[in-house]
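Chemist: can't give you the sequence, but here's the structure:
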């Protein structure tokens, strides 16, 4: 039983990381076990087949891998082990997004040779491209590059992790990938963007693609500590807990009370006075958590992905998800294309939104308009044996 | 009962056209009724909701529309009525692929104003772009254009149908769209290609994108009568019934016994002596019918999409689908991303391959490795009332 070994404390079975792709989900437990569920057609679940799973299921090929963080692209997945300096990827491989020097799909996880021994601290997956950050602050990218989303100054795809040399000398701390663009931030608080820019999602006041990292000068004076991207929108969080959003707003996903695209970063005014700690961008929605455990969501709600319980299809301003369902802090938050998952410091995991592919992990194919406690992943109710057996 | 009116002959309930998207299917009957089934998440079924259908279901919004032909892009659909000179589109609308001067998704069919009154004879849908041919031989295009797939000499998207002026003076008779490229042929038998070309799928010996239609000179001396595209591969049929394929071959989808891309058209030698009449390209597979009612398939078979009954994952050469299941001619043939549908002159309809979204229309979510008779769509067993009621 790799999930729970003899004498192991129950706390090691707590969810510490979550990621959502277009229609699938991945979680990592404190003991390094990785679970996946939802749509599996392209190998994104990593169980060696193309079938969907409606319950979280341990990925056999990662057992013993000491995984510490998980990431999802639209139809692929990745896992990082900081203790073994390994990065694994699996799922749809076209354009080299898996980083294995080919374009093969993979139905089981495989260690990326080009990152072996590199101390990768965080990663981001877009639709067809992937970026990795090392502990020395280097940014590496691979996959499709036709809009310059790899930041290499060309539009040539890269089948293996490639150093973004234009950012050498900057210590990158965090990176986020949209469908075809990238936003990174540095230790000095500066943010850079590159790739597809048609909706203003590069935040430079323009709508043109950029093949090289470009500093988002509008953020001068702010210290950016993390970044997130939805499909075509961008989000940065400053050290005061203030969110700034830009890019596509057709579904209200920027949170400014409008459907108008923003080509420059703009503070989400409705969250003034709230200290945001975590944020995630979905296909057309955005969810953020504050330092008191409150959750706010805005954008597209067609499938209940805002968790507000409302049937309103679009919310252009942040909506507080009520009732507040946790007494703890939100420690993990992930938006898929049409669904959302969160985990709190009490070991509870909740999901809501689209469920038709089993991506909510609650054993059915139902959409949920409000947060559902995922008992199978939550402290006190998790049955490690059952998770392994499904 | 719009499917079968009093005194109407049973023959008017025969399937005369089929189309398949990534995970959905559309059929049109001789009486103009349009049915859809499979994945509906993006509105591609046209029933006003986002739900899937496992049975063919009449599209209410097209009743009385006298539709004569249907077409599917990855996550959208279109229908043409030659008697009313109307073209309808619905589904995922990003980048203007639906042609309605915006990027809205549509969950019910809407007539394209920019084509109203134009006599559209045929249409093609790719991943994000659409092309229409008129009876005067004009080609119009709309949707995403970042690889020049609209043939307009730019990479600007077009939200409404736009004349491909570079082909004025040529009478276009047929067009096909791959994911991001286009192949058209003319009354004089010449073929032109444009758009994304990285895999040699433009057939010009190169791997570069082309923003303007370029004649495929390698076909000099052949008279091309129709074209088809898979996701990243291209197929042309000459007036001798000989297929020529080019582009991506990673899954054997070109049928040349190899996984090597072809940047120039190459005859499918294994079909020498066979007169092909119909051909369709899927995501990573190809299916062709000859003039005796035989069907041949090659490429990816992971989900049974070749219909061979074999568990071999890739066939690099045409495989005869056995036993020959029809005594008639094949009159319609459509490959989806992972499934295949055919209709014959006896009124029988068959489906096979991926079924997890209900895209086979046989009432379940099962993959089928061999052709399954779709009784609900076939002559003698079709129950028009049941189709309307589902």
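Modeler: Perfect, thanks for sending it. Since this is a predicted model, take the numbers as computed values, not measurements.
Chemist: mind listing the helices for chain A?
Modeler: A:384-389 (DSSP state H).
Chemist: looking at it, which helix or strand is least sure?
Modeler: Ranked by mean pLDDT, DSSP states H and E, the weakest helix or strand in chain A is helix A:384-389, scoring a mean of 68.
Chemist: Next, work out how far apart the nearest residue to residue A:156 once chain neighbours are set aside and residue B:105 are.
Modeler: Setting aside the residues directly before and after it, residue A:156 is nearest to residue A:145 in space (Cβ to Cβ, 6 or more residues apart in numbering or on different chains), at 5.9 Å. Just so you know, the C-beta spots here come from the backbone N, C-alpha and C atoms, and that holds for glycine as well. Going from residue A:145 to residue B:105 by Cβ to Cβ, to the nearest Å gives 28 Å.
Chemist: what about the two, which has more around it?
Modeler: residue A:145 (25 against 22; other Cβ atoms under 10 Å in any protein chain shown).
Chemist: thinking that one is in contact with residue A:130, fair?
Modeler: No - using Cβ atoms under 8 Å, residue A:145 makes no contact with residue A:130, being 11.2 Å away.
Chemist: Would you mind naming what in the stretch 251-390 of chain A lies close to chain B?
Modeler: Residues of the stretch 251-390 of chain A lying close to chain B by Cβ under 8 Å from any Cβ of the partner chain are A:302-303, A:338, A:354, A:356.
Chemist: cool, the stretch 51-200 of chain A as well?
Modeler: Counting by Cβ under 8 Å from any Cβ, the residues of the stretch 51-200 of chain A that sit close to chain B are A:52, A:103, A:146-147.
Chemist: In contact with the residue nearest to residue A:156, which residues are there?
Modeler: Shown in contact with residue A:145 (Cβ atoms under 8 Å, 6 or more residues apart in numbering or on different chains): A:129, A:152, A:154-158.
Chemist: any idea which of those residues is closest to chain B?
Modeler: Set against chain B, the nearest of the contacts of residue A:145 by Cβ to the nearest Cβ is residue A:157 (8.2 Å).
Chemist: I'd say the closest one and residue A:143 touch.
Modeler: Yes - if you go by Cβ under 8 Å, residue A:157 and residue A:143 touch, sitting 6.7 Å apart.
Chemist: Please identify which of those two sits among more neighbours.
Modeler: Neighbour comparison, residue A:157 and residue A:143: the larger count goes to residue A:143, with 29 against 21 (by other Cβ under 10 Å).
Chemist: for that one, which residues make a bridge with it?
Modeler: residue A:129, residue A:158 (DSSP bridges).
Chemist: Contacts only, for it.
Modeler: A:95-97, A:99, A:126, A:128-130, A:149-150, A:157-158.
Chemist: Pick out the most distant pair among those residues.
Modeler: A:99 and A:149 (14.4 Å; Cβ to Cβ).
Chemist: Of the two, give the one with the bigger neighbour count.
Modeler: Taking other Cβ under 10 Å, residue A:99 and residue A:149 do not tie; residue A:149 has more neighbours (30 against 27).
Chemist: what about the more buried one, distance to residue A:128?
Modeler: Per Cβ to Cβ, residue A:149 is found 8 Å from residue A:128.
Chemist: Mind listing the shared neighbours of the two?
Modeler: Common neighbours of residue A:149 and residue A:128, using Cβ under 8 Å, 6+ apart, are A:143, A:180.
Chemist: quick one, strands of the stretch 251-390 of chain A?
Modeler: Assigned by DSSP state E, counting those that start in this stretch, the stretch 251-390 of chain A shows strands spanning A:262-267, A:276-281, A:285-290, A:295-300, A:314-320, A:330-335, A:339-344, A:349-353, A:368-373.
Chemist: Does anything pack onto the shortest one? Which helices or strands?
Modeler: Right, strand A:349-353. Secondary-structure packing of strand A:349-353 (3 or more Cβ pairs under 8 Å, 6 or more residues apart in numbering or on different chains; DSSP states H and E): strand A:339-344, strand A:368-373.
Chemist: what comes up buried for stretch A:256-265?
Modeler: Going by neighbour count (16 or more other Cβ atoms under 10 Å in any protein chain shown), the buried part of stretch A:256-265 is A:256-257, A:261-265.
Chemist: low pLDDT regions in the stretch 201-350 of chain A?
Modeler: Scanning the stretch 201-350 of chain A for pLDDT under 70 picks out nothing.
Chemist: same thing but at 90, please
Modeler: Within the stretch 201-350 of chain A, the segments meeting pLDDT under 90 span A:322-328.
Chemist: What's the local residue count around the residue in the stretch 151-300 of chain A that chain B sits nearest to?
Modeler: Here the residue of the stretch 151-300 of chain A nearest chain B is residue A:250; by Cβ to the nearest Cβ that distance is 6.9 Å. By other Cβ under 10 Å, the residues close to residue A:250 number 21.
Chemist: so what's it up against?
Modeler: Counting by Cβ under 8 Å, 6+ apart, the residues that residue A:250 touches are A:259, A:261, A:284, B:103.
Chemist: quick one: contacts for the first one?
Modeler: Contact partners of residue A:259, counting by Cβ under 8 Å, 6+ apart, are A:249-252, A:314, A:316.
Chemist: and if you look at residue A:239?
Modeler: A:189, A:222-225.
Chemist: Could I have the buried ones of the residues you listed as ChimeraX selection syntax?
Modeler: Of the contacts of residue A:239, the buried ones can be selected in ChimeraX as follows, counting by 16+ other Cβ under 10 Å:
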select /A:189,222,224,225
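Chemist: so which pair among the contacts of residue A:239 is furthest apart in space?
Modeler: Maximum pairwise distance in those, criterion Cβ to Cβ, is 9.6 Å, between A:222 and A:225.
Chemist: Which neighbours do these two have in common?
Modeler: Common neighbours of residue A:222 and residue A:225, counting by Cβ under 8 Å, 6+ apart, are A:189, A:238-239.
Chemist: Closest one to residue B:57 out of these, please.
Modeler: Looking across these and measuring by Cβ to Cβ, the closest to residue B:57 is residue A:238, at 50.2 Å.
Chemist: Wait, that closest one touches residue A:227, no?
Modeler: No - counting by Cβ under 8 Å, residue A:238 sits too far from residue A:227 to count as a contact (10.8 Å).
Chemist: So which of these two has more stuff around it?
Modeler: Taking other Cβ under 10 Å, residue A:238 and residue A:227 do not tie; residue A:227 has more neighbours (25 against 21).
Chemist: partner residues bridging the more buried one?
Modeler: residue A:236.
Chemist: Name all residues that make contact with it.
Modeler: Taking Cβ under 8 Å, 6+ apart, one finds A:174-176, A:183-185, A:191, A:234-237 in contact with residue A:227.
Chemist: In strands, which of the residues you listed fall?
Modeler: A:174-176, A:183-185, A:191, A:234-237 (DSSP state E).
Chemist: Now tabulate these in JSON lines and tack on neighbour count.
Modeler: Shown next, in JSON lines, are these (neighbours: other Cβ atoms under 10 Å in any protein chain shown):
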{"residue": "A:174", "neighbour count": "22"}
{"residue": "A:175", "neighbour count": "26"}
{"residue": "A:176", "neighbour count": "27"}
{"residue": "A:183", "neighbour count": "31"}
{"residue": "A:184", "neighbour count": "27"}
{"residue": "A:185", "neighbour count": "27"}
{"residue": "A:191", "neighbour count": "29"}
{"residue": "A:234", "neighbour count": "30"}
{"residue": "A:235", "neighbour count": "28"}
{"residue": "A:236", "neighbour count": "27"}
{"residue": "A:237", "neighbour count": "23"}
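Chemist: low pLDDT regions in the stretch 1-150 of chain A?
Modeler: Scanning the stretch 1-150 of chain A for pLDDT under 90 picks out A:1-13, A:117.
Chemist: Is there a neighbour count for residue A:71? I'd like the number.
Modeler: 25.
Chemist: Next one: it relative to residue A:78, how far apart?
Modeler: Distance from residue A:71 to residue A:78, by Cβ to Cβ: 4 Å.
Chemist: That'll do, ta.
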